[in-house]
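1. I would like to see how this sequence folds:
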Amino acid sequence: MMKKLFLMPVFAILLATLAAADEANTTGDSAEDNLALAEEVIEEPGTTPEEPLYGLKNALSEVGIFFTFNAEKKTEKQLEKAEQKLLEVNKMLEKGNIKAAEQAKKAYLKEIEKARARVAKLEQKKAKAQLKTAISFQNRIEKQEELLEKIETNLEIRIQKLEELNDEHQQTANELLAELKERRRAMAENIKEKREKAETEYKEEIGEEGFEEEIDEIEEETGLEEERRERIKKLAELTEKKLMRAKLALEEVNGSEKLKQQLTKAMQLAAGLGNQTDYEELEDERKELSSFGQNISALAKQLRAAKQEGSFEEARERLLEATKEKREQAFERIKEKAEKREKELKAGSAKKLIAQKAERKESKTLKNSEEGNGGSGDNKEE
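-> Just a heads-up that it's a prediction; the model follows:
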């Protein structure tokens with residue numbers, strides 16, 4: 001009897017240990033799943049297309065723009081209004097109101113076209129002022145990119161987690177977002193061209209010496225430098241989460257082990273995007289990774305449908321074989337871009353750029369300080 005009493009707590013401890021180990025493994029998987037399926041926090045838009053006062057809200061906004069007589073500020077307000085329309089799109093997609101989301105999309109396209117026309121016509125007397133304006137607009141249009149990525153993330157999560165939209169609505173919503181992203185990208189190109197033109201004119205005006213310092217100063221003043229650093233980290237995080245969701249979808253249908261390994265590697269590479277210092281290089285690499293994740297998610301969706309129809313094994317082999325070549329090519333491109341980034345990091349080129357920028361800033365501060373002290377000294381001698 002005493003022996004049994006002694007063994008019972010030992011057995012209980014053993015069971016508790018095994019349960020704790022199992023829970024630790026489950027928690028690790030659960031933590032990744034929770035992160036992948038955590039929706040992004042997006043600002044509320046106020047009045048939306050499905051509300052009676054929506055027309056009044058738009059009218060008042062137009063009046064505000066009409067009575068703004070400074071061309072730069074007028075364009076800024078137009079871009080702000082366009083951003084507001086993206087918030088409306090998000091809210092309507094969140095509610096599953098595709099018709100109202102389409103209405104908000106059309107409003108965005110209208111506002112961004114007005115902004116594009118204003119940017120094209122905007123001319124300022126001084127090259128520096130023109131450059132500062134272009135960089136300020138660049139910062140705002142990049143913010144819209146981050147917002148669109150968050151909207152897409154939340155839509156994908158709701159579809160994957162809750163399956164709120166039917167296939168037709170899913171396709172409409174995806175096409176809607178693709179059109180918004182394309183028009184924003186075109187607007188970003190227009191602003192980039194405006195900036196490059198202004199940079200050329202300003203460099204001709206002040207010469208090579210001190211030009212980079214001036215650019216640094218303007219980027220800091222407009223908030224582009226600091227906000228872009230944070231934006232790069234956020235976009236890298238959103239890309240990694242997209243790949244996590246693809247892996248989760250693949251695991252649900254018992255997908256290919258090789259594909260799971262590729263997704264795990266792609267997730268690691270996406271996490272490294274946060275170290276990127278070149279915004280355009282980031283976009284190029286991120287696009288490849290996002291496309292890879294989307295294609296795997298689409299494959300997982302087809303496999304899930306085949307499983308429900310009872311033709312899983314046959315469909316699995318057929319789909320994996322049909323998509324193999326494109327997947328392999330895409331994965332190779334991803335690895336090549338990541339290797340290039342890693343080489344640059346090891347070579348210290350990214351760190352050098354940051355160090356050079358800091359050095360230019362320090363040099364300019366010192367020079368201004370010396371000029372101020374020198375001027376005071378001359379006055380005293382007189």
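
2. now do the contacts for the closest residue in space to residue 236 that isn't next to it in sequence.
-> Counting by CB to CB, 6 or more residues apart in numbering, residue 236 lies nearest to residue 273, which is 3.6 Å off, once chain neighbours are set aside. From N, CA and C alone the C-beta is placed, and that goes for glycine too. By CB atoms under 8 Å, 6 or more residues apart in numbering, residue 273 lies in contact with 232, 235, 236, 239, 240, 282, 285, 286, 289.

3. pretty sure the fifth one sits against residue 274.
-> Which is residue 240. No. Using CB atoms under 8 Å, residue 240 is not in contact with residue 274, being 9.0 Å away.

4. higher neighbour count, those two?
-> Using other CB atoms under 10 Å as the criterion, residue 240 and residue 274 rank with residue 240 on top: 23 against 16.

5. can you name every helix or strand that the strand or helix carrying residue 132 contacts?
-> Per DSSP states H and E, residue 132 falls inside helix 127-162. With contacts taken as 3 or more CB pairs under 8 Å, 6 or more residues apart in numbering; DSSP states H and E, helix 127-162 sits against helix 71-95, helix 167-206, helix 211-222, helix 224-252, helix 279-309.

6. nearest to residue 134, of those helices?
-> Closest to residue 134 of the helices and strands packed on helix 127-162, according to CB to CB: helix 167-206, at 3.9 Å.

7. tell me how far the closest one lies from the chain's centre.
-> 14 Å (CA atoms, centre = their mean, to the nearest Å).

8. same check on stretch 229-247?
-> 7 Å.

9. one more: stretch 323-338?
-> Stretch 323-338 has its C-alpha centroid displaced from the chain centroid by 21 Å (CA atoms, centre = their mean).

10. please apply the same query to stretch 271-282.
-> Worked out by CA atoms, centre = their mean, stretch 271-282 lies 11 Å from the chain centre.

11. buried stuff in it?
-> 272, 273, 274, 275, 276, 277, 279, 281, 282 (16 or more other CB atoms under 10 Å).

12. how about these, which pair is most distant?
-> 272 and 279, at 15.6 Å, using CB to CB across the buried residues of stretch 271-282.

13. for the nearest residue to residue 87 once chain neighbours are set aside, give its distance to residue 186.
-> Leaving aside its sequence neighbours, residue 87 sits nearest to residue 45 (CB to CB, 6+ apart; 3.6 Å). Between residue 45 and residue 186 the distance is 23 Å, computed by CB to CB, to the nearest Å.

14. so if I had to pick from those two, which one is more boxed in?
-> Legend: neighbour count by other CB under 10 Å for residue 45 and residue 186, higher for residue 45 (19 against 12).
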